[in-house]
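Undergrad: can't give you the sequence, but here's the structure:
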């Protein structure tokens, strides 16, 4: 049985808006090294940015004493990204935004981050940490067999 | 950390003779962009600026908070009888805008010439 090699890269972000771009750039660099197509890298950048924004804003509630952990695990044919915060985690799965309801004021104009994450990567799961801490979102994006 | 959003307004006339108000954005479109996006739009007269064109050519990063600002602009425009169009988005953000349904309320064009030709 052949051993699957995984390479890990870790970044810690302050809980301050804007620093999601550091994780976004790091994820893009790792994905580029792995050979992902440019359009998939763009998908990953948006998904990672939105996951970090949720962690900063909702998980750590903009408390700059807390940091957001981003762990990228590059396997042979996929990249897994875990974004970890000190919140209690998401209680429900993301709903698809309804633009008509938003336009008519029946739904908040915001609240699209989780939907975008789920729509742009191959796997997305939200995991609540034990004791209501160290919750994380886990994203996976896979290399297409036909991309070189 | 987030780059400041700059915006300015140009008045153009389409080949068909319509007056078009172009809001040009530069930098990130994020939660800190409220003044640049909504503030710039709200400073325009709703009575005289009936066709609004959003120029994203110099925008590199748009997050969900930035998309929400664009939706708020679309809501105000719809309530004021204005038409909104946009151009200059990368292929990725055309996809994202389509996914969240913005294209139902704002026509997207690849560039300014294509937008003006259609207005």
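TA: Thanks, I have the structure now. No experiment lies behind these values; they were computed from the predicted model shown.
Undergrad: okay, CA-based contacts and neighbour counts for the rest of this
TA: Noted.
Undergrad: so how far is stretch A:120-129 from its chain's centroid?
TA: In terms of C-alpha atoms, centre = their mean, to the nearest Å, the centre of stretch A:120-129 is found 8 Å from the chain centre.
Undergrad: can you give me the buried ones in it?
TA: Within stretch A:120-129, the residues scored as buried using 16 or more other C-alpha atoms under 10 Å in any protein chain shown are A:120, A:121, A:124, A:126, A:127, A:128, A:129.
Undergrad: what's the distance between the nearest residue to residue A:53 once chain neighbours are set aside and residue B:73?
TA: The spatial neighbour of residue A:53 that comes closest, neighbours along the chain excluded (C-alpha to C-alpha, 6 or more residues apart in numbering or on different chains), is residue A:20 at 6.3 Å. Residue A:20 sits 25 Å away from residue B:73, taking C-alpha to C-alpha, to the nearest Å as the criterion.
Undergrad: looking at those two, which is more packed in?
TA: Between residue A:20 and residue B:73, counting by other C-alpha atoms under 10 Å in any protein chain shown, residue A:20 is the more crowded of the two (27 against 19).
Undergrad: wait, the more buried one sits on residue A:47?
TA: No: shown here, residue A:20 and residue A:47 do not form a contact pair, counting by C-alpha atoms under 8 Å, at 10.5 Å.
Undergrad: where do the helices sit along chain B?
TA: B:34, B:40-42, B:64-79, B:91-99, B:112-118 (DSSP state H).
Undergrad: can you tell which of those helices is closest to residue A:73?
TA: In terms of C-alpha to C-alpha, the element of those nearest to residue A:73 is helix B:91-99, at 24.0 Å.
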